[in-house]
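S.K.: curious how this folds, go ahead:
(one chain, ligands or ions: 1)
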Amino acid sequence: MSTNQAKPENSPHILVLGMGGTIAGLASNPAINPSSYKAGELGIKTLLATIQEAIPGNLKLLSQQVANINSRDLCEDLLTLLGNLVKTSLENPAVQGIVITHGTDTVEEAGFFLSATCGKLAEKLGKRVVLTGAMLPANAPQADGPLNLLDALKWAATAPENCPGGVFAVFAGKVCLARDLAKRHTSALNAPLMDSPSSPVGLVNPSWMYRVRATQEACGDDLPIPQGLWPWVEILTSHAGARSETIVLWLNSQVKGLVLAGSGMGGTHDAWKDSLLSAVKQGVALVRTTRTGAGATMSDIPEKDLEGCLASGTLSAPRARIALQLALNAEKEAQLAGKSLTWQDFFARIAVLPEIR
Ligand code: SIN
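M.R.: Residues are numbered from 1 along each chain as shown. Modelled structure (predicted):
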């Protein structure tokens, strides 16, 4: 008998983290109405057992249940927990890659958060963190979760020479950078990445790979993961009939930042003008994005930005909100360390990238 047997956690493996979502959901009447279900019902071990036979024999897996929620209830404490776990696991030499099963409703927030806080580390170590999920519950006749999970495991285990390390997402046979995720449909199976530059999992498209490398080069260093209370940031949408009160009401709160989802190229209603000026004077951080759901928001377009207000580039409102929270937290940490860096410096590092086609 060998006395040299390593404990499973010390031998090379892929770590699979369960967060819940529809991939772990169950419908009460799946054949008739698969869309009526409860998310976060099955554990990660059960999800893996379902695909056991299809998992390549050389892949060693260890799993951990981090949460089992409907991701619309995702909270910042849980992001901190997930981020810390991903970071320490990446640093563990036995962990070759990480797969995270997550609800699709807020997977863009989790994906952006992990990209901005652990992306450079994953890249440096040549390891992949791969988010996946499903649009149909686990017991639906056409459930998409098993194949998504299998594809994510394969992508996490792809040889480094075929793809750099980093934070990715896999849905409906395609892979994209997790920072590009944006759920753009209520029910389509490719909803989380339907408008994101992506490539088939099994046959990597060279122009996508070029874009991955260029985007990774343009991103700055990882930002710190907030360990306590995250800075409070809200998303406000401009619309016909907008009222100044929408901004004024927040000025009496502890809010630290506002993401303004403007119309068209990100312009906001004139009714907000004076109250936004007051917000700037009060030190509330402003980021401008578009409510259209696609395209970039550029600085000083359609008109000159208010002093200090940044445009979100290609980030949607939910991702711009996470970026602003991380930037405000990084500013606070920098100031405590005696450095005079502002939230704008940090926001630009992770969010305002040159347009890469
Ligand atoms: C969720 O986000 O947890 C529910 C929806 C989904 O996973 O598709």
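
S.K.: list the contacts of whichever residue of the chain sits closest to the ligand.
M.R.: Taking CB to the nearest ligand atom, the ligand has its nearest neighbour within the chain at residue 103, 2.1 Å off. In this view, the C-beta of every residue, glycine as well, is placed from N, C-alpha and C. Residues in contact with residue 103, defined by CB atoms under 8 Å, 6 or more residues apart in numbering, are 19-23, 39-40, 69-72, 74, 133.

S.K.: nearest to residue 254 among these?
M.R.: residue 74 (21.1 Å; CB to CB).

S.K.: burial of the closest one, as a residue count?
M.R.: Residues near residue 74, counting by other CB atoms under 10 Å, number 23.

S.K.: thinking again about what came up before, and the contacts of residue 103, which of them are buried?
M.R.: 19-23, 39-40, 69-71, 74, 133 (16 or more other CB atoms under 10 Å).

S.K.: among those, which ones are in strands?
M.R.: Secondary structure from DSSP state E places 19-20, 69 of those in strands.

S.K.: if we check the ligand, which of those are in contact?
M.R.: Subset of those in contact with the ligand: residue 20, counting by CB under 6 Å from any ligand atom.

S.K.: tell me the spacing between the spatially most central residue of the chain and residue 315.
M.R.: By CA atoms, centre = their mean, the chain has its centre lying nearest to residue 111, at 1.7 Å. From residue 111 across to residue 315, the span is 12 Å (CB to CB, to the nearest Å).

S.K.: redo the buried ones among the contacts of residue 103 as JSON lines? Include distance to residue 333 and pLDDT.
M.R.: Putting the buried ones among the contacts of residue 103 into JSON lines (distance: CB to CB, whole Å; pLDDT from 0 to 100) gives the following:
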{"residue": "19", "distance to residue 333": "26", "pLDDT": "98"}
{"residue": "20", "distance to residue 333": "30", "pLDDT": "98"}
{"residue": "21", "distance to residue 333": "31", "pLDDT": "98"}
{"residue": "22", "distance to residue 333": "36", "pLDDT": "98"}
{"residue": "23", "distance to residue 333": "35", "pLDDT": "98"}
{"residue": "39", "distance to residue 333": "34", "pLDDT": "98"}
{"residue": "40", "distance to residue 333": "33", "pLDDT": "97"}
{"residue": "69", "distance to residue 333": "28", "pLDDT": "98"}
{"residue": "70", "distance to residue 333": "32", "pLDDT": "98"}
{"residue": "71", "distance to residue 333": "27", "pLDDT": "98"}
{"residue": "74", "distance to residue 333": "23", "pLDDT": "98"}
{"residue": "133", "distance to residue 333": "31", "pLDDT": "98"}
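
S.K.: thinking again about what came up before, using the three-state scheme, assign the residue nearest to the centre of the chain.
M.R.: Put simply, residue 111 is helix when judged by DSSP: H, G, I helix; E, B strand; the rest coil.

S.K.: make residue 1 into 31 and carry on from there
M.R.: Right, with 31 as the first residue, what we last looked at is residue 141.

S.K.: that one contacts residue 200, correct?
M.R.: No. Using CB atoms under 8 Å, residue 141 is not in contact with residue 200, being 11.1 Å away.
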